[in-house]
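Colleague: Mind folding the following:
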Amino acid sequence: MKMTIPHCIVGIGGSAGALNAYKALLNHLPADTGMAFVIISHINPQASSQLAQILARHTKMPTQVVCPAMPISADHVYVIPANADLEVEKYKFKVTTPRIRRNVQIDIFFKSIADAFGDRAIGVIVSGYCEDGTAGCKHIKENGGITIAQDASAEVASMPVSAQASGHVDFVLAPDKMAASLIEIGARFSRGA
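Modeller: Here you go, the predicted structure:
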């Protein structure tokens with residue numbers, strides 16, 4: 001299958017309570033946005049993650065756990081491996097194992113996509129504990145990208161509220177409304193691409 005370069009790369013970060021947000025977001029996304037979606041979830045290093053298989057039931061897009069040097073293709077959903085930090089270099093993933101430390105995986109990935117994609121980097125923060133993603137949203141904004149945080153529908157509000165309080169969030173939305181916003185953003189970039 002030929003790789004199609006994405007118009008934008010969308011990092012979706014979450015932790016506790018995020019599964020329902022991921023599913024709701026994917027349920028409302030068509031399979032042809034021209035964007036690549038990367039789920040950065042806090043996964044216990046000892047856990048064998050079934051997240052990719054679960055999410056595949058909520059989208060027509062191919063869904064897979066990232067492998068080192070895997071190319072990034074449009075209209076795909078990628079999931080961070082357990083016990084790893086994930087970055088991008090050009091249009092490929094860079095996987096570092098074991099992870100540097102707990103609860104910074106979203107910041108690391110958001111900084112990487114901001115540096116690599118500039119205004120075509122989109123950061124989404126959904127339900128979770130801690131502040132991971134807040135510094136990453138700041139970095140995305142500083143590089144011209146777009147950031148979205150989950151609204152009061154978040155099962156655990158710490159992560160989206162922290163991002164909002166930083167002043168570096170463009171939209172505060174429920175997951176189904178995030179999908180509509182992403183579709184619109186993707187269409188804008190495909191016209192300008």
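Colleague: CA atoms for contacts and neighbours, from now on please.
Modeller: Noted.
Colleague: next one: the helix or strand of the chain with the lowest mean pLDDT to chain centre, how far?
Modeller: Across the helices and strands of the chain, mean confidence by mean pLDDT, DSSP states H and E is lowest for helix 175-192: a mean of 89. Remark: helix 175-192 is offset 14 Å from the chain centroid, using C-alpha atoms, centre = their mean, to the nearest Å.
Colleague: Which residues outside that helix are in contact with it?
Modeller: Identification of contacts with helix 175-192 by C-alpha atoms under 8 Å, 6 or more residues apart in numbering yields 7-8, 21-22, 24-29, 33-35, 148, 150.
Colleague: which SS class is the spatially closest residue to residue 27 that is not a sequence neighbour?
Modeller: Computed as C-alpha to C-alpha, 6 or more residues apart in numbering, the closest residue to residue 27 that is not its neighbour in sequence is residue 58, at 5.2 Å. Put simply, residue 58 is coil when judged by DSSP: H, G, I helix; E, B strand; the rest coil.
Colleague: who are the neighbours in contact with residue 58?
Modeller: So residue 58 contacts 23, 26-27 (C-alpha under 8 Å, 6+ apart).
Colleague: Which of these sits closest to residue 70?
Modeller: Distance to residue 70, by C-alpha to C-alpha, is smallest for residue 26 among the contacts of residue 58, at 21.6 Å.
Colleague: Which helix or strand contains that closest one?
Modeller: Assigned by DSSP states H and E, residue 26 belongs to helix 18-27.
Colleague: Quick one: list the elements packing against that helix.
Modeller: helix 51-56, helix 175-192 (3 or more C-alpha pairs under 8 Å, 6 or more residues apart in numbering; DSSP states H and E).
Colleague: Next, the buried residues of the longest one.
Modeller: The neighbour-count check on helix 175-192 (16 or more other C-alpha atoms under 10 Å) flags 175-180, 182-183, 185-187, 189 as buried.
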